[in-house]
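Asker: fold the following.
(2 chains)
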Amino acid sequence: MKLRTALMGAVAALGLAPAAFAERGADGHVNVLYWQAPSILNPYLSSGTKDVETASLVLEGLAGFDEKGVVIPRLAESVPTVENGGISEDLTQITWKLKPGLLWSDGTPVTSADAKFTWEYCTHPEGGCAQAARYEGITSIDTPDDLTVVITFSGPKPNPYQAFVGGTSPILQAAQFANCLGAAASTCSEQNFKPIGTGPFVVKDFKVNDVVELEANPNYRDPAKPAFATMTVKGGGDAQAAARAVLETGEFDYAWNTQINPEMQAQMSAGGKGVLLNGFGTLVERIEMNMTDPSPSLPEGERSTTKHPHPFLTDLNVRKALSMAIDRQVLVDIGYGAAGRATCNLVPAPEMFASPNTDCLTQDIEGARALLEESGWVDSDGDGVREKDGMKLKVLYQTSVNPVRQDFQAIIKSFWNDIGVEVELKQVDASVFFGGDAGSPDTFQKFYADVEMYANNFDGTDPEPYLGQYLCNKIPAPENQWQGENVNRFCDPAYDELWLELSKTSEMEKRAEIAIRLNEMLTKDSYVIVPLVDRGRLSAASNTLGGVVLNTWDTELWNAQDWFRIK
Amino acid sequence: MSDATAATATPDREDAPRSLWRDVWDQFRMHRGAMVGLFVLSTLLIFVLIGPFIWTAEPIRVNPNTAEMFRSRNLPPSWSNPFGTDQVGRDIMARLMLGGKVSLAVGFVAMSVAVFLGTLIGLLSGYFRRLDGALMRLTDLFLSLPLLPLILVLTFLYGPRLKEMFGPNLGTFFILIIAIGLTSWMHVARIVRGQVLAVKEREFVLAARSIGTPARRIITRHILPNVLAPVMVAGALGVANAIITESVVSFLGQGFQSDFSTWGSMLNSAYYNQTYPMQMVWPGLAISLTVLSVNYVGDGLRDALDPRIRGR
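Answerer: Below you'll find the model as predicted:
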């Protein structure tokens, strides 16, 4: 019996081994877990990551981003640049060429008309397109022939890789969606649940908010891919259960977004069935300093406005001391483990935009104390809190309700107490804190506290709009219903001027240089923003799943066509 | 006359005159569960009140020396940390003591507020027929309110103002007491009203009224003492409820500053650190023990305060 099983195994292995390299569908089935279940497979009608990423198995754009944030061609033959003539000299036009002979999964040819239709679909005035931002500034799309797409912008566009690039703006099939324009978009359930695409997989069955069954696309452009004949994308559970399903029980091959605490990371990885993959994008947990006075004794409408500068946070030495007192590596080890790394930058990536500054990574309690002394902050009455001119160095430190953030609060409070700063902690429910309701006193924009902590990132690979949040005219105030993004109320004419220069520069090296400078003006020059942890994505993959590369610039399933089974 | 002297000369059981509370205590002692409950509750009280003077570990501050702090995270129970340490290296026993002080204080004070309000409303509505309809509809109204959201809204709306007035921790303490007290008096009010309606018709109340005793005095002298038993029981159970409500509010992050400890907030942070389940066991055990012992004490009190049971 044993011998026979062994022999059969050997025969099976012999039969399968050569097939693993060449043939489409040779590796059978793959199970993917998205614990937030997909609810629609049309990324234009949902901004949910779960929906966009699942849909990216089926729908593709002209180009995408690789794991380094570099633009790579998908349906396009190559990536247009100014050098190869694909982008006009004045940066107002970009010309894409489709690969010849591309077919939709139903066998009909892909043409430039599909791209033009997609633009019309998303910019239709009556349709609520979730990805409209990617098509902003486009005045027209022309299709001189079946394979050429010419996009014209209303003005110079230094970063034209927006429309049709990445998982959030794929090309839809004009024939399928022809009757789904505008208000009809959300009523087209057949189309939205089973879009016809060019990607490696085709939807076989879709149970909303539960499970998507997919099979290999018979018309995929590479005849040898994908290696898997069928795929299941299952929803449900939470990050912890998802990590367990891959790392400990091995029920699934891949689990998305398995953010778990460092102890569990270590414990589950010891299960030996899989590995945790991390990738770093632009999400940075930071402390923001309020440059204006949030004192409750000020009348409503003047609290935290530029009318009243902050009594002590306007002192550079105080801000710098607060930053120097923090041991960032400890925060990483306690809060994020493999999913985080200490950083001093607001813009930590892509690599070319990241400042090499690492000054803040070593904690310097003595140095922080000396800085405060130098500014005249001394503990004259011996209560452990420094004061100057009768004002105590006491900060109100707020953040959202979140167990990791509460641990950070406790730890940072102890650092700050150690240098003679009294700290009061406050935590606000996340839906209120980030809710942006102008009537609530507890939003992060209103900033009725001295310092606050949260994380933010930017979409795509270009930090220009993100750095633009810190211009003088983006300060939240009662006049603009507290809707600005410059929560620090930072205002430096030199910064504004430099940013304006960035928006006019197209040369990549120069752009990177300016962006790094802007980032440093906010962080190591002024300590208005004190970055703490660069938070990555954490996903789990089975040891038997090969070819997985975690990508933080595009969808995580960006290279599902290259996945294979390790035997 | 001679009969009477004979009776006083040969008392049935004891020589000393017996007070009501002595009888109550004697009966209370018969209830084994209540005695155990009282013992556990006293032990807990001693633990949280006297404990911090003996056990002086730091409950709130994290050790700023990161290397030391890192070594002391999530330690199992040992002689230096009898209940172990938490995820940022603070001694769990010290935190339990501080948390217990807060949780028990909130429980007892909020219960007192609720019992006071409930007794007042119950007496008024039971005794004065004209007030009855309005006050009972008010009680129904409060009973039909979803309490947890109401408490959250109260802490959200009035919390900041109280915190400004009394400082962050005392302010939160007051808002919790007020919020819990305001939302848990209804059962007491209903019980009291029922009792008052029954007692009001008794002969001694009729007698008092017939000699022209004013309503105020009838209530305080004749009715209140007779409804005290159920009030004390409801109060004891109310303590348990208030402690649980405080835990829930802390668990939801609406209570005290995040590094301040209460049993509820300790449970909350332990919940996210499931690799070390013991961290959840300690505050959970403390809450359960308190609630259970308070319930048993309430049970014993009910028996002891009821003269019909007391005789047997």
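Asker: so who does the residue sitting nearest the centre point of chain B touch?
Answerer: Taking C-alpha atoms, centre = their mean, the centroid of chain B lies closest to residue B:239, which sits 2.0 Å from it. Residue B:239 sits next to B:107, B:108, B:111, B:294 when contact means C-beta atoms under 8 Å, 6 or more residues apart in numbering or on different chains. For the C-beta atoms, the positions are set from N, CA and C on the backbone; glycine is no exception.
Asker: in terms of secondary structure, what does the host helix or strand of the first one contact?
Answerer: Taking DSSP states H and E as the definition, residue B:107 sits inside helix B:92-127. In terms of contacts (3 or more C-beta pairs under 8 Å, 6 or more residues apart in numbering or on different chains; DSSP states H and E), helix B:92-127 is packed against helix B:32-49, helix B:51-54, helix B:129-144, helix B:168-182, helix B:186-200, helix B:224-251, helix B:263-271, helix B:278-305.
Asker: returning to that earlier point: just the buried members of the contacts of residue B:239?
Answerer: Neighbour-count burial (16 or more other C-beta atoms under 10 Å in any protein chain shown) is assigned, among the contacts of residue B:239, to B:107, B:108, B:111, B:294.
Asker: now those residues in CSV, with distance to residue A:360?
Answerer: As requested, those are exported to CSV (distance: C-beta to C-beta, whole Å):
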residue, distance to residue A:360
B:107, 45
B:108, 48
B:111, 50
B:294, 51
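Asker: so how far is chain B from the residue lying closest to residue A:75 once chain neighbours are set aside?
Answerer: Nearest in space to residue A:75, with sequence neighbours left out and distances taken as C-beta to C-beta, 6 or more residues apart in numbering or on different chains, is residue A:62 at 5.1 Å. Distance, residue A:62 to chain B, using C-beta to the nearest C-beta, to the nearest Å: 43 Å.
Asker: which residues of chain B score low on pLDDT?
Answerer: Within chain B, the segments meeting pLDDT under 70 span B:1-16, B:251, B:253, B:307, B:309-312.
Asker: that one against chain A: which residues are in contact?
Answerer: Where chain B comes near chain A, counting by C-beta under 8 Å from any C-beta of the partner chain, the residues are B:61-64, B:66, B:69-70, B:73-74, B:87-88, B:156, B:160, B:164, B:168, B:252-254, B:257-259, B:268-269, B:271-276.
Asker: picking that back up, of the helices and strands packed on helix B:92-127, which stretch is the most buried?
Answerer: Mean neighbour count (mean count of other C-beta atoms under 10 Å in any protein chain shown) peaks for helix B:263-271 among these, with a mean of 24.
Asker: same for that helix, what does it pack against?
Answerer: helix A:403-418, helix B:92-127, helix B:224-251, helix B:278-305.
Asker: show the subsequent helix or strand relative to the first one.
Answerer: Okay, so that is helix A:403-418. strand A:422-428.
Asker: now that following strand: mean pLDDT?
Answerer: Here strand A:422-428 scores 87 as its mean pLDDT.
Asker: related to what we said a few turns ago, so which of the helices and strands packed on helix B:92-127 is nearest residue A:57?
Answerer: The closest of the helices and strands packed on helix B:92-127 to residue A:57 is helix B:263-271. By C-beta to C-beta, the value is 35.0 Å.
Asker: how big is the angle separating the closest one from helix B:278-305?
Answerer: Counting by axes from the mean of the first three to the mean of the last three C-alpha atoms, to 10 degrees, helix B:263-271 lies at 150 degrees to helix B:278-305.
Asker: show me the contact partners of helix B:263-271.
Answerer: Applying C-beta under 8 Å, 6+ apart, the contact partners of helix B:263-271 are A:403, A:406-407, B:86-87, B:92, B:95-96, B:99-100, B:103, B:243, B:246-253, B:255-256, B:258, B:276-277, B:279-280, B:282-284, B:286-287.
Asker: go with 7 Å
Answerer: With contact meaning C-beta atoms under 7 Å, 6 or more residues apart in numbering or on different chains, helix B:263-271 is reached by A:403, A:406, B:86-87, B:95, B:99-100, B:103, B:246-251, B:255-256, B:279-280, B:283-284, B:286-287.
Asker: and if you look at stretch A:337-351?
Answerer: Against stretch A:337-351 from outside (C-beta under 7 Å, 6+ apart): A:68-69, A:259, A:262, A:265, A:276, A:278, A:280-282, A:284, A:286, A:328-329, A:332, A:353-355, A:357-361, A:461, A:463, A:466, A:515, A:519, A:522-524, A:529, A:531, A:533-536, A:538.
Asker: list the buried ones in that stretch?
Answerer: A:337-350.
Asker: can I get that stretch in PDB, CA atoms only?
Answerer: Coordinates of each C-alpha in stretch A:337-351 appear next as PDB, following Å, rounded to 0.1, in the frame of the first residue of the first chain:
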ATOM      1  CA  GLY A 337       6.900  45.100  14.100                       C
ATOM      2  CA  ALA A 338       7.600  44.100  10.500                       C
ATOM      3  CA  ALA A 339       4.900  46.500   9.300                       C
ATOM      4  CA  GLY A 340       6.700  49.600  10.300                       C
ATOM      5  CA  ARG A 341      10.000  51.400  10.300                       C
ATOM      6  CA  ALA A 342      11.300  54.500  12.000                       C
ATOM      7  CA  THR A 343      11.300  57.600   9.800                       C
ATOM      8  CA  CYS A 344      12.100  61.300  10.000                       C
ATOM      9  CA  ASN A 345      10.400  62.100   6.700                       C
ATOM     10  CA  LEU A 346       6.900  63.200   5.800                       C
ATOM     11  CA  VAL A 347       7.500  61.800   2.300                       C
ATOM     12  CA  PRO A 348       9.300  58.500   2.900                       C
ATOM     13  CA  ALA A 349       8.900  57.100  -0.700                       C
ATOM     14  CA  PRO A 350       9.300  56.700  -3.600                       C
ATOM     15  CA  GLU A 351      13.000  56.500  -3.100                       C
END
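Asker: report the rounded mean pLDDT for it.
Answerer: pLDDT averaged over stretch A:337-351 gives 90.
Asker: can you map out the helices along the stretch 1-150 of chain A?
Answerer: Counting by DSSP state H, counting those that start in this stretch, the stretch 1-150 of chain A has helices at residues A:2-16, A:19-22, A:49-55, A:112-123.
Asker: next, the angle from the longest strand along chain A to helix A:403-418.
Answerer: Assignment by DSSP state E gives strand A:274-289 as the longest strand of chain A. Angle of strand A:274-289 versus helix A:403-418, following the same axes, to 10 degrees, is 50 degrees.
Asker: just checking, what packs against strand A:274-289?
Answerer: Counting contacts by 3 or more C-beta pairs under 7 Å, 6 or more residues apart in numbering or on different chains; DSSP states H and E, strand A:274-289 packs against helix A:262-269, strand A:451-456, strand A:529-542.
Asker: and it, how far out from the chain's middle?
Answerer: Computed by C-alpha atoms, centre = their mean, to the nearest Å, the separation of strand A:274-289 from the middle of its chain amounts to 9 Å.
Asker: ok, now stretch A:239-253?
Answerer: How far stretch A:239-253 lies from its chain's middle: 23 Å, per C-alpha atoms, centre = their mean.
Asker: now the stretch 451-567 of chain A against chain B: closest residue?
Answerer: residue A:453 (11.6 Å; C-beta to the nearest C-beta).
Asker: tell me, how many residues neighbour that residue?
Answerer: Burial measure for residue A:453: 21 neighbouring residues, criterion other C-beta atoms under 10 Å in any protein chain shown.
Asker: cool, and residue B:98?
Answerer: Residue B:98: 20 neighbours (other C-beta under 10 Å).
Asker: tell me the phi and psi of the closest residue to it other than its chain neighbours?
Answerer: Using C-beta to C-beta, 6+ apart and skipping residues adjacent in sequence, the residue nearest residue B:98 is residue B:59, 4.3 Å away. With angles defined as degrees, to the nearest 10, residue B:59 sits at phi -80, psi -30.
Asker: who's in contact with the residue in the stretch 151-300 of chain A positioned nearest to chain B?
Answerer: Here the residue of the stretch 151-300 of chain A nearest chain B is residue A:263; by C-beta to the nearest C-beta that distance is 4.0 Å. Neighbouring residues of residue A:263 by C-beta under 7 Å, 6+ apart: B:273, B:275.
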